[in-house]
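Visitor: Model the following, please.
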Amino acid sequence: MPYKAGINELGEPALATEESPLILSKSNAAGLAPLFRDPTGAIPGFQAYSDALDKNPVAVKALTSLVGWLLGDLIAQVFISGGSIDYMRLVTLCSFGFVFHGPSGHYFYYYLDEIIPGTDAVHVCSKVVIDQLAWCPVFMSVFFLYLGLVNGDSFATIGNKIKNDLFNACLGSWKVWPIAHLINFKFIPNKWRIPYINAVQIAFNIFLSLLGNKKA
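Guide: Reported below is the predicted structural model:
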């Protein structure tokens, strides 16, 4: 049986087997879930989240977007609109983040990096232009369509909503996202695009939640 040096209760050198409390404690520590292991001083849970992104990128990004929309709309309702929380609205926006924003963003940004690789100025600016002039109007239209369908609006009402508010939604995006995406496409690895976007988008989601729930 292997032995390791230790100290007994009298402070004298002693032998410890692998079954000693000292050895068992080390073994148990090594078996802890990644969320509770922090041997390098990293942010608790960061490595677990990173590993989850590698193993289940679409699902994790969908959940990340759900949280981003949750926080954005809660802030909009509690600190800007005031009054009681509209839980149906909150669930609707969270489900949009989970069902569409996270998964669609995963595939869109992977595709964008495939057709325009590189992080030089020309490639980065090209990605920003495509994101804001092509993807943004599509995303906003789907956003208004989703909210309208969930709320039981007619297609005529949804069409009026898109007609009246699409430009304002895109204009709001153009004031925020070009700079955010310059950083995104230049410095952020593809794996971390959606988490980064959700961090920025918590503030932008406040704007969208207010605009999206305005009457057509």
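Visitor: Can I get stretch 161-180 in PDB, CA atoms only?
Guide: What follows is stretch 161-180, C-alpha atoms only, in PDB (Å, rounded to 0.1, in the frame of the first residue of the first chain):
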ATOM      1  CA  LYS A 161     -46.300  47.400 -36.700                       C
ATOM      2  CA  ILE A 162     -43.400  46.500 -38.900                       C
ATOM      3  CA  LYS A 163     -44.200  49.300 -41.300                       C
ATOM      4  CA  ASN A 164     -44.400  51.900 -38.500                       C
ATOM      5  CA  ASP A 165     -41.500  50.800 -36.300                       C
ATOM      6  CA  LEU A 166     -39.000  48.900 -38.400                       C
ATOM      7  CA  PHE A 167     -37.000  51.900 -39.400                       C
ATOM      8  CA  ASN A 168     -37.000  53.200 -35.800                       C
ATOM      9  CA  ALA A 169     -35.700  49.900 -34.600                       C
ATOM     10  CA  CYS A 170     -33.000  49.800 -37.200                       C
ATOM     11  CA  LEU A 171     -32.100  53.400 -36.400                       C
ATOM     12  CA  GLY A 172     -31.700  52.500 -32.800                       C
ATOM     13  CA  SER A 173     -29.500  49.600 -33.800                       C
ATOM     14  CA  TRP A 174     -27.300  51.800 -36.000                       C
ATOM     15  CA  LYS A 175     -26.600  54.000 -33.000                       C
ATOM     16  CA  VAL A 176     -25.300  51.200 -30.900                       C
ATOM     17  CA  TRP A 177     -24.200  48.200 -32.800                       C
ATOM     18  CA  PRO A 178     -21.700  49.400 -35.400                       C
ATOM     19  CA  ILE A 179     -19.200  50.300 -32.600                       C
ATOM     20  CA  ALA A 180     -20.100  47.200 -30.600                       C
END
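Visitor: what distance separates that stretch from the centre of its chain?
Guide: 20 Å (CA atoms, centre = their mean, to the nearest Å).
Visitor: And stretch 92-106, end to end?
Guide: 20 Å (CA to CA, to the nearest Å).
Visitor: Show residues contacting that stretch.
Guide: Residues from elsewhere that reach stretch 92-106, judged by CB atoms under 8 Å, 6 or more residues apart in numbering: 57-58, 61-70, 72-73, 139, 142-143, 146-147, 150-151, 193-194, 197, 205, 209, 212. For every residue, glycine as well, the C-beta is placed using N, CA and C.
Visitor: chain center to the longest helix anywhere in the chain: distance?
Guide: Secondary structure of the chain read by DSSP state H shows that its longest helix is helix 155-187. Remark: helix 155-187 is offset 18 Å from the chain centroid, using CA atoms, centre = their mean.
Visitor: mean confidence for the helix or strand Val60 falls within?
Guide: Counting by DSSP states H and E, the element that carries Val60 is helix 57-75. The pLDDT scores in helix 57-75 average 94.
Visitor: Which positions in that helix come out as buried?
Guide: Going by neighbour count (16 or more other CB atoms under 10 Å), the buried part of helix 57-75 is 57, 60-62, 64-75.
Visitor: Out of the residues you listed, which comes closest to Glu114?
Guide: Glu114 has its nearest neighbour among the buried residues of helix 57-75 in Pro57, at 15.0 Å by CB to CB.
Visitor: which residues touch the closest one?
Guide: So Pro57 contacts 106, 191 (CB under 8 Å, 6+ apart).
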